[in-house]
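Peer 1: next input, structure requested:
(one chain, ligands or ions: 1)
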Amino acid sequence: MPGVTDRVVVVTGAGGGLGREYALLLAREGALVVVNDLGGARDGTGAGSAMADGVVAEIRESGGIAVANYDNIATEDGAAALIKTAVDEFGTVHGVIHNAGILRDGAFHKMTTESWEAVQRVHLWGGYHVTRAAWPHFREQHHGRVVVATSTSGIYGNFGQANYGAAKLGLVGLINTLAIEGRKYGILANAVAPLAATRMTEDIAPPEMLAALPPAHVAPVVGYLVSDECTDTATVLIVGGGRVQRVAQFATKGVTFATPPSIDELAAQWAEITDLSGAEPGTNPLG
Ligand code: NAD
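Peer 2: Numbers count the residues shown, from 1 in each chain. I've put the predicted structure just below:
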């Protein structure tokens with residue numbers, strides 16, 4: 001079975017937490033892995049090579065193939081250098097897992113432009129930069145896999161995470177269009193909202209909940225999404241604690257007005273407009 005054997009997969013933020021699990025699983029399954037990590041703290045400050053080096057050492061000790069990269073994927077140059085590492089070391093890139101992430105939580109009334117921007121840069125811009133740098137290789141070889149890390153904080157919202165939630169759901173917008181543009185080139189783009197005990201969640205969720213959320217539960221799903229077997233695209237999954245769920249956008253039947261309604265007419269129909277019974281998967285009427 002081909003799976004991910006000999007596929008070149010770049011994992012951003014793979015020096016710890018979930019990314020490390022993804023890199024270990026992919027290498028075990030025969031992929032050639034580029035382990036990227038800037039090596040900083042949870043809020044994105046600092047940098048170092050030890051985290052990525054540690055995971056590469058783990059992979060090599062167990063007979064896998066991996067190379068480290070320490071570039072900052074929040075920048076165009078950093079992402080280009082990361083993809084260049086894959087091409088220089090392994091000849092091409094078949095898959096990109098954009099997993100790198102930081103947190104700058106705070107209630108919205110205390111949100112600063114600096115913390116807003118720092119989070120957008122790593123999550124949303126990083127997703128753009130890394131995928132954009134890999135895209136020409138994907139198109140040329142008629143094969144590509146994109147997996148982005150989204151979050152239930154974007155899908156459902158979470159107190160104190162306006163910057164993070166906006167960036168995370170922005171990534172779903174990104175993969176939705178990549179799925180459309182990539183389809184005829186054999187490029188699939190999907191998103192995983194993980195639930196896992198890592199340094200990112202250590203003080204966010206209660207210990208008893210975290211004990212049931214080992215990152216190892218998430219890695220096989222990400223592995224499947226980059227594998228040759230996968231045919232899904234624009235699929236969003238919530239994965240954690242052994243559960244694998246799909247989430248999707250549904251549209252209600254709605255109400256059609258022949259002429260622009262008054263506010264009162266709209267109010268009178270509001271219950272029917274928003275009634276979810278009979279809702280169906282939504283598609284872009286302008287697409
Ligand atoms: P983590 O902090 O252990 O992992 C994030 C990694 O990204 C770190 O190793 C960090 O050094 C690296 N990184 C940060 N900025 C970078 C940059 N600019 N360039 C390169 N590397 C960078 O946290 P985690 O929980 O493993 O998170 C992995 C991903 O999953 C993140 O995108 C996170 O938002 C997402 N996520 C996690 C959870 C969860 O339950 N743990 C929930 C929802 C989403």
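Peer 1: so where do the strands sit in the stretch 101-250 of the chain?
Peer 2: Assigned by DSSP state E, counting those that start in this stretch, the strands in the stretch 101-250 of the chain fall at 144-149, 187-194, 236-240, 243-247, 250-251.
Peer 1: and the nearest residue to H142 once chain neighbours are set aside, what does it touch?
Peer 2: Once flanking residues are discounted, H142 sits nearest to G186: 4.5 Å by Cβ to Cβ, 6 or more residues apart in numbering. From N, CA and C alone the C-beta is placed, and that goes for glycine too. Going by Cβ atoms under 8 Å, 6 or more residues apart in numbering, G186 touches 138, 142-144.
Peer 1: ok, 7 Å please
Peer 2: 142-144 (Cβ atoms under 7 Å, 6 or more residues apart in numbering).
Peer 1: out of those residues, who's the most crowded?
Peer 2: G144 (25 neighbours; other Cβ atoms under 10 Å).
Peer 1: residues in contact with it?
Peer 2: 94, 134, 138, 182, 185-187.
Peer 1: can I get those in TSV including pLDDT?
Peer 2: Shown next, in TSV, are these (pLDDT from 0 to 100):
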residue	pLDDT
H94	98
A134	99
F138	98
G182	98
Y185	98
G186	98
I187	98
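Peer 1: buried subset of those?
Peer 2: Among the contacts of G144, the ones that count as buried by 16 or more other Cβ atoms under 10 Å are 94, 134, 138, 182, 187.
Peer 1: can I get these in a markdown table with distance to E61?
Peer 2: Compiled in a markdown table, those are given as follows (distance: Cβ to Cβ, whole Å):
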| residue | distance to E61 |
| --- | --- |
| H94 | 24 |
| A134 | 28 |
| F138 | 31 |
| G182 | 35 |
| I187 | 33 |
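Peer 1: which parts of the protein sit against the ligand?
Peer 2: Residues of the chain lying near the ligand by Cβ under 6 Å from any ligand atom: 12-13, 15-19, 36-40, 42, 44, 51, 72-74, 99-102, 122, 126, 149, 151, 193-196, 198-201.
Peer 1: low-scoring stretches of the protein, by residue?
Peer 2: 1 (pLDDT under 70).
Peer 1: could you redo the last one with a cut-off of 90?
Peer 2: Along the chain, the parts satisfying pLDDT under 90 run over 1-2, 204-205, 283, 285-287.
Peer 1: CA atoms only: put the longest helix seen in it into PDB for me.
Peer 2: In the chain, assigned by DSSP state H, the helix with the most residues is helix 162-182. Extracted in PDB, the C-alpha atoms of helix 162-182 (Å, rounded to 0.1, in the frame of the first residue of the first chain):
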ATOM      1  CA  ALA A 162     -10.700  36.400  19.000                       C
ATOM      2  CA  ASN A 163      -7.300  36.800  17.300                       C
ATOM      3  CA  TYR A 164      -6.600  33.000  17.300                       C
ATOM      4  CA  GLY A 165     -10.200  32.000  16.300                       C
ATOM      5  CA  ALA A 166     -10.200  34.500  13.400                       C
ATOM      6  CA  ALA A 167      -6.900  33.200  12.100                       C
ATOM      7  CA  LYS A 168      -7.900  29.500  12.500                       C
ATOM      8  CA  LEU A 169     -11.200  29.900  10.600                       C
ATOM      9  CA  GLY A 170      -9.300  32.000   8.000                       C
ATOM     10  CA  LEU A 171      -7.400  28.800   7.300                       C
ATOM     11  CA  VAL A 172     -10.600  27.000   6.500                       C
ATOM     12  CA  GLY A 173     -11.400  29.700   4.000                       C
ATOM     13  CA  LEU A 174      -8.000  29.100   2.500                       C
ATOM     14  CA  ILE A 175      -8.400  25.400   2.100                       C
ATOM     15  CA  ASN A 176     -11.900  25.800   0.600                       C
ATOM     16  CA  THR A 177     -10.500  27.700  -2.300                       C
ATOM     17  CA  LEU A 178      -7.300  25.600  -2.600                       C
ATOM     18  CA  ALA A 179      -9.500  22.600  -2.900                       C
ATOM     19  CA  ILE A 180     -11.300  24.100  -5.900                       C
ATOM     20  CA  GLU A 181      -8.100  25.400  -7.600                       C
ATOM     21  CA  GLY A 182      -6.100  22.200  -6.800                       C
END
